[in-house]
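In: Build the 3D model from these lines:
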Amino acid sequence: MSSALVVIPTYNEIENIEKLLRNIFSLQRDFHVLIVDDNSPDLTGAKVKELQTEFPEILFIIEREGKLGLGTAYIKGFQWGLEKGYDYIFEMDADFSHNPNDLIRLYNACEKGGNDMAIGSRYKTGVNVVNWPMSRVLLSWGASKYVRLITGMNIYDTTAGFVCYRRKVLEKINLDKIQFVGYAFQIEMKFKTYLSKFKIVEVPVIFTDRTKGTSKMSSGIISEAIFGVISMKLKSLFKTYDI
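Out: Predicted coordinates for the structure are as follows:
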């Protein structure tokens with residue numbers, strides 16, 4: 001059995017999912033994949049189940065009744081991975097914005113480098129983003145700078161969604177107490193890992209905006225991150241803050 005599980009939430013990713021899975025399964029290191037599909041109208045879930053006949057021991061799927069939020073999808077996947085005994089659990093987008101080849105680099109940063117969380121970072125060595133309009137680059141980069149300032153975390157890409165966790169990190173964090181379900185979920189997971197004094201490393205990656213499918217970004221997701229960070233930081237100042 002592989003020690004590594006990649007959790008990928010999906011909603012209407014029929015144009016990307018087969019190619020992405022084949023890329024992951026062709027890597028030199030063995031990765032298992034868990035798809036958490038929120039009842040995609042374009043039948044992404046059906047395509048994954050079709051591919052399970054070809055990859056029966058390494059491809060898994062959880063189907064939910066509807067769109068319940070990115071954070072809850074990851075939490076469901078993390079809990080599943082912990083129950084199944086995986087030592088390294090990843091989060092990754094389904095739209096090829098994250099290069100599957102970088103999974104090995106993130107894995108090595110934890111397994112060989114001795115780190116507990118490896119972040120695929122867009123901003124560790126400048127701005128490594130392709131195909132985004134300048135307005136969105138500035139928004140994302142500015143959000144990460146803002147979060148870094150408020151929380152005190154020494155992380156350049158605080159909103160990154162390409163991450164490898166050692167299982168002990170996810171065992172330490174009370175996943176049932178994660179507050180945010182959208183964009184701010186990424187920030188909250190890093191903040192609680194940081195507060196728990198785990199070793200965090202940023203691995204520079206090139207982020208490429210999707211060429212197929214539709215972005216899930218919205219103003220509500222961004223506002224959750226902006227205002228949620230202040231609330232999260234204030235709560236962390238009290239001993240009752242639940243990590």
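
In: Only C-alpha atoms from now on, for both contacts and neighbour counts.
Out: Will do.

In: And the helices in the protein, which stretches?
Out: 17-25, 44-52, 70-84, 102-111, 134-151, 167-172, 184-195, 219-236 (DSSP state H).

In: Packed most tightly, which of the ones you listed would that be?
Out: Neighbour counts (mean count of other CA atoms under 10 Å) averaged over each of those peak at helix 184-195, with a mean of 22.

In: What lies in contact with that helix?
Out: For helix 184-195, the surrounding residues in contact (CA atoms under 8 Å, 6 or more residues apart in numbering) are 70-71, 117, 147, 151, 153, 158-161, 169, 173, 178-180, 200, 221-222, 224-225, 228-229, 232, 243.

In: before we move on, back to that, rebuild the helices of the chain as a markdown table, extending it with mean pLDDT and distance to V6.
Out: Compiled in a markdown table, the helices of the chain are given as follows (pLDDT from 0 to 100; distance: least, CA to CA, whole Å):
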| stretch | mean pLDDT | distance to V6 |
| --- | --- | --- |
| helix 17-25 | 98 | 9 |
| helix 44-52 | 98 | 14 |
| helix 70-84 | 97 | 9 |
| helix 102-111 | 98 | 9 |
| helix 134-151 | 88 | 24 |
| helix 167-172 | 98 | 13 |
| helix 184-195 | 95 | 16 |
| helix 219-236 | 78 | 24 |
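
In: Mind checking the ones you listed for the one nearest to D37?
Out: Closest approach to D37 among the helices of the chain is made by helix 44-52 (6.0 Å; CA to CA).

In: Tell me the helices and strands packed up against that closest one.
Out: Packed against helix 44-52, as judged by 3 or more CA pairs under 8 Å, 6 or more residues apart in numbering; DSSP states H and E, are the following elements: helix 17-25, strand 32-37, strand 59-63.

In: Quick check: which of the ones you listed is nearest to N101?
Out: Nearest of those (CA to CA): helix 17-25, 7.6 Å.

In: got the contact list for the closest one?
Out: 31-33, 44, 47-48, 51, 94-96, 100-101.

In: Tabulate the CA atom coordinates of it in CSV.
Out: Coordinates of each C-alpha in helix 17-25 appear next as CSV, following Å, rounded to 0.1, in the frame of the first residue of the first chain:
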residue,chain,number,x,y,z
ILE,A,17,-10.2,14.8,-14.1
GLU,A,18,-9.2,11.9,-16.3
LYS,A,19,-6.0,13.5,-17.6
LEU,A,20,-5.1,14.6,-14.1
LEU,A,21,-5.6,11.1,-12.6
ARG,A,22,-3.6,9.5,-15.4
ASN,A,23,-0.8,12.0,-14.8
ILE,A,24,-0.7,11.2,-11.1
PHE,A,25,-0.7,7.5,-11.6
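
In: Columns distance to D209 on top of the helices of the chain, output as CSV?
Out: Shown next, in CSV, are the helices of the chain (distance: least, CA to CA, whole Å):
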stretch, distance to D209
helix 17-25, 14
helix 44-52, 20
helix 70-84, 18
helix 102-111, 16
helix 134-151, 11
helix 167-172, 28
helix 184-195, 18
helix 219-236, 17
